[in-house]
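> please work out how this folds:
(3 chains)
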Amino acid sequence: MADSTAGTAGRIGGGFPTAMIERAAGRTSFVDDIRIDGLLHGAYVRLDVPRALIEQIDVAAARDAPGVIGVYTAADIRSMGAVPRFGPVTQDQPLLADRATRYQGEPVALVVAESDSQARMAAQLVGVTYEELPGFHTVEDALAGDPLHRPLPGEQDSPHPRDSNVMGEWTYGWGDVDAGRRESTLIVENTYTAPFAHHFAIETYAAIGLPRPDGVAVLSTIQHPFIEQRVIAEMLELPLPSVDVSAVDMGGSFGGKGYSKVAPAAAFFSRLIGRPLKIALSAEESFLTGQREAAQIRIETGFDREHKLKFQVIEADFLIGAYADISERVVSKSALFATGPYRTPAASVRARAIFTATPPTTAFRGFGAPHFTFALEGQFTEAAHRLGIEQWRLRTSNMKRQGESLVAYETPVDGDWIALVESARDAIGWDAPTLPGRGRGIAFGMKSCIPATTSNALVSLRADGTVTAHVGTSEMGQGAVTAFTRIVAEGLGIEPAQVRLIMGDTATAPFDALTASSRSLVHMGNALLDAVEQHKYSLLDIIRQSHDPVAQSLEIQPGRISAGSWSGSLRDLLALRFGLNAGELSATGTFTAARDERHPLGGPTPFYEAVATAAELSVDTATGMIRIHKIAHVTDAGKVHDRVRAKGLDEGGLVMGIGLALSEQLIYDGAHLRNGSSLDYRIPTLCDLPEEMVSLFQENGDGPGPGGAKGLAEGGLLAIAPAIAAAILDCAGVHIRDLPFTPERVWRAMRDQA
Amino acid sequence: MSRLLEYEIEVNGEPRAIKAPARVTLLSLLREDLGLTGTKVNCQQGECGACTVLLDGRAIDACLMLAASAAGRAVTTIEGVPDDDEIKRAFLADGALQCGYCTPGMMLAVKSYIANAPIRTPEGLAAGLSGNYCRCTGYEAIVSAVASLIDQGREQDG
Amino acid sequence: MRSLQEFSYERAASYEDVDTFLRSHAADGHLLAGGTDLLVHMRSGRVSPRHVLDVNYVPGLDMVLETGDGSLRIGAAVRLTTIVNHKAVRTRCRALADGAETVGSAQIQNMGTLVGGVCNASPAADTAPALLVHEAVMNVRGYARRRRVSADEFFIGPGLTQLGPHEWVESIDIPPPQGGSRYVKLGRTTGVDIAIVGAAVAFSSQGVRVGLASVAPTPLRARRTETAMSMSSDELDWAAVEVAVAQEISPLSDVRASSEYRTAMVSECIRRAYAGAIEQTGVGSK
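As a prediction, this is how the structure comes out:
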């Protein structure tokens, strides 16, 4: 739980929020830093093969190892033939593998000991006898292979299809695609691929379970404490209030810590044992716990002789690992916008979520949009190249304008996206001739926000004139604590140091749907504003009742509140009503985005996150290595309140995007992960930065958030990969459609073309 | 029962008496035995730099050092960096931290670079921090925060 | 990743202490210098010593000296950072400074030792090619004897050296230079990475010397390539060089690169190291 403590933030000076000062000092407690008397430690036993039929588990040696409290397998926790399962949409993931493992590293046993090293050492002593089963990690193999969720003898029924590995399929379309084909003078057909990838938050997954007489409390690396509360309560068959989840400050998440991973086990086993229990994963284990979906997208795009888009046929296969997690939603939600911002007279879209015998994929910054954008923008890049017209022009001349409808029952285009592309074009210096050996690319990206969700904020005016705000939002580095502190402080005319934010705790905060989808500034920001407005009304009422019945309106200035003939501090005003130090005011603000049953996702998006990214680079023709000279990125932000924070989120997303574009890939070999460690999976370091990075904001005040803000946090990741691909095409004449563009891949593409 | 070694390490300027088995790493000693949790854990392979501390003023990865091997030496962790140190001000002012998890290691790596690099250049800084992963900031804000702390082209005899 | 198992820890106070330790614990003991390889191997389970001897505090072991015959003698406890910044190393065997600089991050360089990395004997060791092209000599000792082993003969397989069970390398001698040298490495990105391939080129009075990393089970002295490079009279015939290179290397395909790419890139690295070595001396070897 992030906690910005009221009090002097003045030790460093410069008016920084206390929470940030603590962070810079290394004093912020992450889950693994929390010390509790009598805390036990759990370590999983995992197999090194993709799939295994478990024959026997020998725990005797482990049980006798120093410090060991117990060793648990599925047999120890089966109840009426079923191992407890959890999941945010479908309860499909067992706490421990039942008769078989479905992915490499799926936990088969849990060793609990007095210390982490004792637990890990004992885990090495557990002997598992198993028969290896064939694993699969590609579309072809998954479609041809053994249905992963067909229950094995003795296993409980699965909620998933038993006769195929296709978890779900979504199709839609409009217009006459065949007519579109006939009217097209240029048809571009390609298949684009993206491999599995890893969030690689520097903090790994961890959770602490604290048993209570009526339930359990959990301290967790979780973005969505209320969802985790429901998931654990469902698994334990307890009422919601019996499960408290506290979202401890996270060391990065990027979607990976959105949905329950180790907290259900920490909760369950702590109750079983009756003592506090921590499960903290190593970096290698984190690789095996949450990943980004792989995808293969075949796309056919037609343009007529006026360069107008005539039709799109899009067939997307997403590989989602062994369990559902939230992946179904990732695919269905992003598929809705597969045709992007472009006027598309006819379209046919089919998207599938397919199980593979690999670790479960989950939400990842961008939530499927980067995959579709990579394919769609790649088509425009290639078409522009073949038609001999400017990349940006083919896009802007086909792009919908603000107010135009995108899909049925959905929010229309909510920003000037054409201007966005033009801004990125200008910021990269498109009109200036490119230096020899360099190429330029530009791409547009967009994603919708999760619809129909609610945020509540409980804001209390304390007797001493300070303010406490309880919000369910979690802090993972996106700066919510800073943004919310400012909203409350400005709204009530007090100093940021006088605001205390208590975040992410289901026991103290009113319901908040989730911290994701770049939604919190809009939803929780508005809920805080609503609470502030309610307070202003109450404060005016106090003045009318106690002092000046004809006072008309409340005026808030720094440190001073006035209405009619009364003027004073917040503390004075509360004393007016209650007496000195004798009372406080509380208000719960709410913001609920619209629901619509007709909409496939439950409601229209409150806003779009839209960006345009341009890249200028050169390719070392001997090695295939790419050197990025400049990135220009423009975000349709609506209104930016904290420029340092917004720039930081965009730059972070861009550099993460560069990693995913140039070097990051999980390499599977028969569903066996070959590079699941920091040595072998290459994320960007300071040496991998572009020479210049420009990050700009379009602020037309046309968003639904405070001051006209829209959410931003994922934009950096949306269009960077296709922008780089376009620049490579411009520079080296090859259109690479498979991520990542490693030096070897670029080298091969150039060689094959020559 | 493992045999306990007894030795002394100076931590943040204070001599600390240690009693621990041989297999304890410096990282584990700092976090578990001494309760200094500012130094963080991630890869445990010497790649990510989350566990960076200063050993006699030079950046090392605490995960790769046996605590006993640091006996008689001086270790500086983030807890030993005063709040009014200009590095903290520079990082906060430029937004060079977001989640803050890599920050302790990053700051100490910066301090080591500034104190020890014979010549300071942007390329040298990048190389000097190449062993500190940040997944949040994209590094740009870190570069600008540190730029204000570095004198370009200052030479020392090598 | 495993936890570290139990073991005993002691510090050597002298060279003789090290000899004695290896006499008793050849099979179940390990020397600890920088720890950057040892601790990783202990966690992965690749080695499980019962006894560890810390050699970081042996007086004299961390020195860089000039010997009587003009060689540069680098002690077993000399850190990579020292080598990167050392004036004599940068002047006389620049390829070694290059290699030390690319082994890993600043933290790794501050901890890791040249000798430790060499004895770890990874085929990808960035410092090994420089030792090969400078015809370095390992000063090996054990309780029973002392001997000198050329870098050429030192590496016998992946992770394997010529060292007998009771032996250790107390220092490495780099003979007086005869020309410039550079080391060029190709990784997956511009930052720190294990070598996809690496090439060191040095000029000697007899011609060019070439040492390669990540192309064979051990670091490789590429003699056929050297012959091809010294055949040309004026301009180097790079096509012939590429043919010779392909004949004497046997790179693997792994998660970093395919053998095909490695083969193609070796010549490119040699080309760049060659140009760098010329620049470093100001004259070519012809």
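> chain center to the helix or strand hosting A:Gly652, what's the gap?
Element membership of A:Gly652 [criterion: DSSP states H and E] is helix A:643-662. Put simply, helix A:643-662 sits 14 Å off its chain's centre (Cα atoms, centre = their mean, to the nearest Å).
> kindly report the same for stretch A:319-335.
So, by Cα atoms, centre = their mean, the centroid of stretch A:319-335 is 13 Å from its chain's centroid.
> now do A:Gly175 against A:Gly340, distance only.
Relative to A:Gly340, A:Gly175 is positioned 16 Å away (criterion: Cβ to Cβ, to the nearest Å). Using the backbone N, CA and C atoms, a C-beta is placed for each residue, glycine as well.
> so what pLDDT did A:Ser754 get?
One correction, residue A:754 is Ala, not Ser. A:Ala754 carries a pLDDT value of 85.
> how about B:Ile119?
On pLDDT, B:Ile119 comes in at 82.
> for it, list each beta-bridge partner.
Following DSSP bridges, B:Ile119 is listed with bridge partners B:Glu155.
> what about it, how many residues nearby?
12 (other Cβ atoms under 10 Å in any protein chain shown).
> same deal with the one 10 residues further on?
By other Cβ under 10 Å, 29 other residues sit near B:Leu129.
> confidence score at the residue lying closest to it once chain neighbours are set aside?
The shortest distance from B:Leu129 to any residue other than its chain neighbours is 4.6 Å, reached at A:Leu686 (Cβ to Cβ, 6 or more residues apart in numbering or on different chains). A:Leu686 carries a pLDDT value of 95.
> got it, and A:Val481?
Reported pLDDT for A:Val481: 88.
> so does the one helix or strand it maps to get close to chain B?
If you go by DSSP H and E, A:Val481 is part of helix A:480-492. No - Helix A:480-492 is not in contact with chain B by Cβ under 8 Å from any Cβ of the partner chain; minimum separation 9.8 Å.
> that helix - contacts with which helices or strands?
For helix A:480-492, the packing partners by 3 or more Cβ pairs under 8 Å, 6 or more residues apart in numbering or on different chains; DSSP states H and E come out as helix A:18-24, strand A:467-471, strand A:499-503, helix A:520-546.
> give the buried residues for the longest one.
Of the residues in helix A:520-546, those buried by neighbour count under the rule 16 or more other Cβ atoms under 10 Å in any protein chain shown are A:520-532, A:534-536, A:538-540, A:542-544.
> give me the mean pLDDT for the helix or strand that that helix is followed by.
Following helix A:520-546 in sequence order, the next helix or strand is strand A:555-557 (DSSP H and E). Across strand A:555-557, the average pLDDT comes to 94.
> ditto for stretch C:201-214
94.
> over to stretch A:435-453?
On average, stretch A:435-453 scores 97.
> just stretch A:351-360 next, same as before
For stretch A:351-360, the per-residue pLDDT averages 97.
> for that stretch, what is the distance to the chain centroid?
The chain centroid and the centroid of stretch A:351-360 are separated by 18 Å under Cα atoms, centre = their mean.
> how long is it from one end to the other?
18 Å (Cα to Cα, to the nearest Å).
> near chain C at all, that stretch?
No - using Cβ under 8 Å from any Cβ, we find that stretch A:351-360 stays clear of chain C, coming within 15.8 Å at best.
> hmm, back to that, the inter-axis angle of the helix holding A:Val481 versus strand A:499-503?
Relative orientation of helix A:480-492 and strand A:499-503, computed by axes from the mean of the first three to the mean of the last three Cα atoms, to 10 degrees: 140 degrees.
> flag every buried residue along helix A:480-492.
Neighbour counts over helix A:480-492 (16+ other Cβ under 10 Å) mark A:480-492 as buried.
> which of the helices and strands packed on helix A:480-492 sits closest to chain C?
helix A:18-24 (20.6 Å; Cβ to the nearest Cβ).
> now the next helix or strand after that closest one: average pLDDT?
Note on helix A:18-24: by DSSP H and E, the next helix or strand toward the C-terminus is strand A:40-46. Mean pLDDT, strand A:40-46: 98.
> thinking again about what came up before, ok, the helix or strand following the helix holding A:Gly652: who's next to it in the sheet?
Using DSSP H and E, the helix or strand that follows helix A:643-662 in sequence is strand A:668-669. Using DSSP bridges, strand A:668-669 pairs in its sheet with strand A:672-673 (antiparallel).
> so what touches the strand it pairs with?
The contact list for strand A:672-673, computed with Cβ atoms under 8 Å, 6 or more residues apart in numbering or on different chains, reads A:48-50, A:104-105, A:135, A:287-288, A:358-359, A:666-667.
> rewinding a little: Serialize the buried residues of helix A:480-492 to CSV and add fields for distance to A:Ala612.
Formatted as CSV, the buried residues of helix A:480-492 follow (distance: Cβ to Cβ, whole Å):
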residue, distance to A:Ala612
A:Ala480, 26
A:Val481, 30
A:Thr482, 27
A:Ala483, 24
A:Phe484, 29
A:Thr485, 31
A:Arg486, 28
A:Ile487, 28
A:Val488, 33
A:Ala489, 34
A:Glu490, 31
A:Gly491, 33
A:Leu492, 38
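> nearest the geometric middle of chain A, what residue?
A:Gly255 (2.8 Å; Cα atoms, centre = their mean).
> just the pLDDT at it, thanks.
97.
> same question, B:Gly153
On the pLDDT scale, B:Gly153 is placed at 35.
> what about A:Glu189, helix or strand, and which?
strand A:186-194.
> quick one: average pLDDT of whichever helix or strand comes after that strand?
Sequence order places strand A:206-212 as the next helix or strand after strand A:186-194, per DSSP H and E. Averaged over strand A:206-212, pLDDT sits at 98.
> what's the burial count for the residue nearest to B:Leu129?
The number of residues near A:Leu686, taken as other Cβ under 10 Å, comes to 27.
> you'd agree it is up against B:Gly124?
No - in this structure, A:Leu686 is not within contact of B:Gly124 by Cβ atoms under 8 Å, at 11.1 Å.
> quick one, strands of the stretch 1-150 of chain C?
Secondary structure of the stretch 1-150 of chain C (DSSP state E, counting those that start in this stretch): strands at C:8-11, C:29-32, C:51-54, C:64-66, C:72-75, C:137-142, C:146-150.
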